[in-house]
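**Student:** Here is a sequence together with a model predicted from it:
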Amino acid sequence: MTSTAQPPPPSGAREAHPEHLGHVVFIAAAAAMGGFLFGYDSSVINGAVEAIRDRYDIGSGTLAQVIAVALIGCAVGAATAGRIADRIGRIRCMQIAAALFTVSAVGSAVPFTLWDLALWRIVGGFAIGMASVIGPAYIAEVSPPAYRGRLASFQQAAIVIGIAVSQLVNYGVLQLADGEQRGEIGGLEAWQWMLGVMVVPAVLYGLLSFAIPESPRFLISVGRTDKARAVLAEVEGKNVDLDARVEEIDLAMRREHKSTFKDLLGSRFGFLPIVWIGIGLSVFQQLVGINVAFYYSATLWQSVGVDPSSSFFYSFTTSIINIVGTVIAMVLVDRIGRRPLALIGSAGMAIALAFEAWAFSADLVGGKLPETQGVVALIAAHGFVLFFALSWGVVVWVFLGEMFPNRIRAAALGVAASAQWIANWAITASFPSLADWNLSGTYIIYTVFAVLSIPFVLRYVRETKGKALEEMG
């Protein structure tokens, strides 16, 4: 069936400019606090990997499962968050996630055994999965179209800041423990403090969720149109025809019933094509191996002869590069569009990963990479993170918040994010074994996926810059 382009919204939504943009920025930033916790909880384990291996005397396979098990919780949380948000609202969903982050932080800091540590990791993973869905969906729903790309980028900005803060905390805790990951500080080992500090941002996230409004689309869906109109005036400005705006959203919702998993199914290939495209974006984002840089970078550098303190420092500098790339993306995403950024990033990542594969192919000399290969590996690793951050790290979350029609947005975003976590788990769980097999070969695999992402974007992904959500379909 051929679709026709829809006319611009009569309410003037495309030209919406709120009177108090700073307030809208605060709302988006508060919602993106879940992204901060997402990044922090995902990456903080990097500093505890070798300490957990030593304390519980486990091999690479078991260690990888303990590290990766949180991603199973992420997949479940992402798959269910859309339904939860449609039933009880986006804000209540954020508050549940904040509570789970808090419980996970406390449990992970004081585990009795390896297996209850894994359990608390799963609880935290469920919260991450919820945050990965609710953050971009909520921000997309409260943002004026003219600012939506930049505001949606807050989610990824918060993620990379969370990653950077986790590495800074890890480095600081390591210094307090005299460079020993199992060094004692106040009755707990250093790695336990690394995991437990997350209580602070988790509580802050919960408090901020009480200070921001509910999504106008959810409010309209439950019949609270007066409140929805007030929120729209708050975030899109009073110059917009609020009655027409409410009617646009209400009409779209009455035409397009609440999203369910069944709505995502097509006649030939299981899911609808647009859902498969969302899944493809999510999976490619992970298959380039980005989270190896955040889960295993300290271990990776130590495996090629870098001392622990320097390896923690390199993990921190990588996270700073991640922030720089994200800022670049936030500046460009509404100027040059989502697709061009994705293509630039794919090309840059492929080149950087190829250089990493070459560098890691060298034989170790005295337990270290030769000087030339060591320098190339370090520069390429930072270059890879830079190109990821200025492209796929941001645009995938922007795409997922924008690309789906209203009637399936929440459920489709949940499925796409769940697929992302499954791919993340596959990469995270397989890396230690693949690295033991052939570190260079592992990076060649990641390079191939970076190259394949280019024709995928060119063939299947449509630009969403500047369109109102009601125009998607």
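**Tutor:** Structure's in. What do you need? Numbering: from 1, shown residues only.
**Student:** pLDDT below threshold where in the protein?
**Tutor:** Scanning the chain for pLDDT under 70 picks out the ranges 1-19, 255-261, 266-268, 304, 466-473.
**Student:** hey, where'd the strands end up in it?
**Tutor:** Along the chain, counting by DSSP state E, strands occupy 184-185, 188-189.
**Student:** Tell me which of the ones you listed sits most buried.
**Tutor:** strand 188-189 (a mean of 16; mean count of other CB atoms under 10 Å). Every C-beta, even on glycine, is put in place using the N, C-alpha and C of the backbone.
**Student:** who does that strand pair up with?
**Tutor:** The partner list of strand 188-189 in its sheet, established with DSSP bridges, is strand 184-185 (antiparallel).
**Student:** related to what we said a few turns ago, format the strands of the chain as CSV; extra columns: distance to Gly47.
**Tutor:** As requested, the strands of the chain are exported to CSV (distance: least, CB to CB, whole Å):
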stretch, distance to Gly47
strand 184-185, 13
strand 188-189, 12
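**Student:** among those, which is nearest Thr62?
**Tutor:** Thr62 lies closest to strand 188-189 among the strands of the chain, at 19.1 Å (CB to CB).
**Student:** Quick one: distance of that closest one to the chain centre.
**Tutor:** Mean-position distance between strand 188-189 and its chain equals 29 Å (CA atoms, centre = their mean, to the nearest Å).
**Student:** Mind listing residues that contact it?
**Tutor:** Residues from elsewhere that reach strand 188-189 (CB atoms under 8 Å, 6 or more residues apart in numbering): 51, 55, 109-110, 177, 181-183, 196.
**Student:** mind redoing it with 10 Å?
**Tutor:** Identification of contacts with strand 188-189 by CB atoms under 10 Å, 6 or more residues apart in numbering yields 48, 51, 55, 109-110, 173, 177, 180-183, 194-196.
**Student:** Which residue lies closest in space to Leu439, excluding its sequence neighbours?
**Tutor:** Excluding its sequence neighbours, the residue lying closest to Leu439 (CB to CB, 6 or more residues apart in numbering) is Phe360, at 4.4 Å.
**Student:** er, Ser209 actually
**Tutor:** Nearest to Ser209 is Met94, by CB to CB, 6+ apart, at 4.3 Å.
**Student:** Hmm, Leu204 and that neighbour touching each other?
**Tutor:** No - under the criterion of CB atoms under 10 Å, Met94 makes no contact with Leu204, lying 12.0 Å away.
**Student:** The two: who's more crowded?
**Tutor:** For Met94 versus Leu204, the count of surrounding residues by other CB atoms under 10 Å is larger for Met94: 27 against 15.
**Student:** which residues touch that one?
**Tutor:** Counted by CB under 10 Å, 6+ apart, Met94 has contacts 30-31, 33-34, 81, 85, 130-131, 134-135, 138, 205-206, 208-210, 212.
**Student:** cool, Tyr296 as well?
**Tutor:** Counting by CB under 10 Å, 6+ apart, Tyr296 has contacts 45-46, 49, 64, 67, 289, 302-303, 315, 428, 431-432, 435.
**Student:** most distant residue from the middle of the protein?
**Tutor:** In the chain, the residue that sits farthest from the middle, by CA atoms, centre = their mean, is Gly366; the gap is 38.2 Å.
**Student:** and the gap between that residue and Asp307?
**Tutor:** 13 Å (CB to CB, to the nearest Å).
**Student:** likewise Glu234?
**Tutor:** Distance of Glu234 to Asp307, computed by CB to CB: 52 Å.
**Student:** of the two, who's got more company?
**Tutor:** Taking other CB under 10 Å, Glu234 and Asp307 do not tie; Glu234 has more neighbours (18 against 11).
**Student:** For that one, which non-adjacent residue is spatially closest?
**Tutor:** Among residues not flanking Glu234 along the chain, Pro213 sits closest, at 6.5 Å (CB to CB, 6+ apart).
**Student:** which of the contacts of strand 188-189 are buried?
**Tutor:** 48, 51, 55, 109, 173, 177, 181, 183, 194-196 (16 or more other CB atoms under 10 Å).
**Student:** Now render these as TSV, adding distance to Tyr295.
**Tutor:** Listed next are the buried ones among the contacts of strand 188-189 as TSV, based on distance: CB to CB, whole Å:
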residue	distance to Tyr295
Ala48	11
Ala51	14
Arg55	18
Ala109	19
Val173	18
Ala177	21
Gln181	15
Gly183	22
Met194	13
Leu195	14
Gly196	19
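**Student:** So which of those residues are in helices?
**Tutor:** 51, 55, 109, 173, 194-196 (DSSP state H).
**Student:** From those residues, pick the one nearest Leu117.
**Tutor:** Proximity of these to Leu117 (CB to CB) peaks at Leu195, which lies at 8.7 Å.
**Student:** quick revisit: measure the residue nearest to Ser209 to Ala85 for me?
**Tutor:** Between Met94 and Ala85 the distance, using CB to CB, works out to 9 Å.
**Student:** what's the answer for Gly135, then?
**Tutor:** Where Ala85 is concerned, Gly135 sits at a distance of 11 Å (CB to CB).
**Student:** With Tyr147 instead?
**Tutor:** Going from Tyr147 to Ala85 by CB to CB gives 22 Å.
**Student:** Mind checking which of those two has more residues around it?
**Tutor:** Ala85 (25 against 19).
**Student:** quick one: contacts for the more buried one?
**Tutor:** 91-94, 96, 130, 133-134, 137-138, 215, 218, 410, 413-414.
**Student:** From these, keep the buried residues only.
**Tutor:** Applying a neighbour-count criterion of 16+ other CB under 10 Å, the buried members of the contacts of Ala85 are 91-94, 96, 130, 133-134, 137-138, 215, 218, 410, 413-414.
**Student:** among these, which are in helices?
**Tutor:** Short answer: the buried ones among the contacts of Ala85 in helices (DSSP H) are 91-94, 96, 130, 133-134, 137-138, 218, 410, 413-414.
**Student:** one step back: in the contacts of strand 188-189, find the pair that's most separated.
**Tutor:** Spanning the widest gap among the contacts of strand 188-189 are Val110 and Glu180, at 19.0 Å by CB to CB.
**Student:** Run a quick neighbour tally on the closest residue to Phe271 other than its chain neighbours.
**Tutor:** With CB to CB, 6+ apart as the criterion, Phe271 has its nearest non-adjacent residue at 5.3 Å, and that residue is Leu264. Leu264 has 21 neighbouring residues, counting by other CB under 10 Å.
**Student:** Contacts only, for Tyr138.
**Tutor:** 27-28, 30-32, 34, 85, 89-91, 93-94, 155, 212, 214-215, 217-218, 401.
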